[in-house]
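J.: what follows is a protein structure lacking sequence information:
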């Protein structure tokens, strides 16, 4: 009996500890993070906006969204973010980019797409791209995205396993596609080798909480029908997404029509490429038949307005995409052709371009542009069940945007403000999967000085390689 008393006390203490772990003396539930006091733009289908709202997060998940006073009464938080004077919203979803290409930012401008690619980008990549180049470039891109607005991005490039490692280390969420192309590139001498690399990448990163591995055949004009079909089959074997460039220029459409007697979209459909989870970038030159088919196949499309304008590729018929029920998102493309990764700029440009191209000031209103950067973008990636809105049960990808500057004053409509006024530099806080990556403008997961120092050193190697090539 003398031994039973201490054992009973131990059991009682354990029960008390278990109880107190989930509640407070006042009966509140304990959460890991409470963001409170801001204007909460949920981006849910009802368009809910809370003028003095709060978001409660526990671990990686949003557990509640509501009035600040209500959530303060219900939850005690281990960490709090005071968002007064800020907009609290879902992190933005960049549906198409090439992250390491930030190291080619400004390398060649004011050129047509094929001249830009063949005369500058492809030669520069041949001379400089390596695992270290990709690591340094991805860290720089991640720093820019965390500082400016993006919590999820879709990527197509080389050495994608290195991109995955750098992205996960920085804390971002990403869908990353290992590129397959017909000519020798930095990480593969042949398309067959690229396919093997893609298979290894899919196996290595399967079921990761932040990284969705994908297969990325470059474009219909840079691969044979056999390789395109092999890429689709590989993606389907692993239930993985397929990312591809589609109908970016009029020249591409004309070339495919001459060689395949079909539009690029219909040509790929004839090969069965849309029979699986798919995301196509650009789709500038698609007609009604293409859009009807793409909607029926469930293909997500990524609109890249700044890149398309800068390269004079054309204005994608985004309003028609939406009318056809296509899952449409926004992208920046790579910083070599944009020249930044700021999704707020992409939203504003997208809205203005549709108005200009159509002659209709009502085309792509602010709400739709914002949807394309959040919940519609998530849907284009097939991730709308997890991200894109601030709702209980969704993963906690959240940003806060300051509205206190002269440029942000006054604010009558927060949605209009986010599209037509806000810039990436207004972002104050970035949270991904419940982890705070940036607080009050200070990035916590990357050493900013080191990242920029390494990027500048790598840029000197790019400069030297390009200068050497120009002199030959």
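T.: Yep, it's here. Treat the numbers as computed from the prediction; the structure is a model and nothing was measured.
J.: geometric centre of the protein: which residue is closest?
T.: residue 153 (1.9 Å; CA atoms, centre = their mean).
J.: what helix or strand is the closest residue to that residue other than its chain neighbours on?
T.: Closest residue to residue 153 apart from its sequence neighbours, by CB to CB, 6 or more residues apart in numbering: residue 94 at 4.1 Å. Where C-beta positions appear, they are placed from N, C-alpha and C, glycine not excepted. Assigned by DSSP states H and E, residue 94 falls within strand 92-97.
J.: what does that strand contact?
T.: The contact list for strand 92-97 (CB atoms under 8 Å, 6 or more residues apart in numbering) reads 141, 145, 149-156, 243, 279, 281-282, 300, 302, 304, 329-335, 341, 343-344, 346, 373-374, 377-378, 380-381, 383, 387-388, 399.
J.: how about residues contacting the next helix or strand after it?
T.: Downstream of strand 92-97, the first helix or strand assigned by DSSP H and E is helix 113-116. In this structure, residues lying in contact with helix 113-116 by CB under 8 Å, 6+ apart are 108, 248-249, 251, 311, 313, 337.
J.: name whatever forms a beta bridge with residue 93.
T.: Beta bridges link residue 93 to residue 152, judged by DSSP bridges.
J.: can you get me a residue count around it?
T.: Residue 93 has 33 neighbouring residues, counting by other CB atoms under 10 Å.
J.: buried members of the contacts of strand 92-97 into PyMOL, please.
T.: Here is the PyMOL command that picks out the buried ones among the contacts of strand 92-97, judged by 16 or more other CB atoms under 10 Å:
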select buried, resi 141+145+149+150+151+152+153+154+155+156+243+279+281+282+300+302+304+329+330+331+332+333+334+335+341+343+344+346+373+374+377+378+380+381+383+387+388+399
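J.: check the offset of the strand holding residue 94 from the chain's centre.
T.: 3 Å (CA atoms, centre = their mean, to the nearest Å).
J.: ok, back up a step: now, the most widely separated pair of the contacts of helix 113-116?
T.: The largest separation in the contacts of helix 113-116, counting by CB to CB, is between 108 and 251 at 18.3 Å.
J.: gap between the residue nearest to the centre of the chain and residue 174?
T.: Residue 153 sits 5 Å away from residue 174, going by CB to CB, to the nearest Å.
J.: what of residue 293?
T.: Using CB to CB, residue 293 is found at 28 Å from residue 174.
J.: buried stuff in stretch 37-50?
T.: For stretch 37-50, by 16+ other CB under 10 Å, it's 37-44, 48-50.
J.: turn the residues you listed into CSV, columns for pLDDT, distance to residue 85 and secondary structure.
T.: Formatted as CSV, those follow (pLDDT from 0 to 100; distance: CB to CB, whole Å; DSSP: H, G, I helix; E, B strand; the rest coil):
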residue, pLDDT, distance to residue 85, secondary structure
37, 97, 8, strand
38, 97, 7, strand
39, 98, 9, strand
40, 98, 13, strand
41, 98, 14, strand
42, 98, 19, coil
43, 98, 20, coil
44, 97, 23, coil
48, 97, 20, coil
49, 98, 16, strand
50, 98, 15, strand
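J.: output the residues you listed as TSV; include the columns distance to residue 120.
T.: What follows is those, written out as TSV (distance: CB to CB, whole Å):
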residue	distance to residue 120
37	48
38	43
39	44
40	44
41	40
42	43
43	38
44	44
48	46
49	45
50	48
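J.: just those now: which is nearest residue 448?
T.: residue 38 (25.0 Å).
J.: wait, what's in contact with the nearest residue to that closest one once chain neighbours are set aside?
T.: Nearest residue to residue 38, sequence neighbours excluded (CB to CB, 6+ apart): residue 83, at 3.1 Å. Neighbouring residues of residue 83 by CB under 8 Å, 6+ apart: 35-38, 400, 429.
J.: follow-up on the earlier one: filter the contacts of helix 113-116 down to the buried ones.
T.: Buried positions within those, assessed by neighbour count (16+ other CB under 10 Å), are 108, 248-249, 311, 313, 337.
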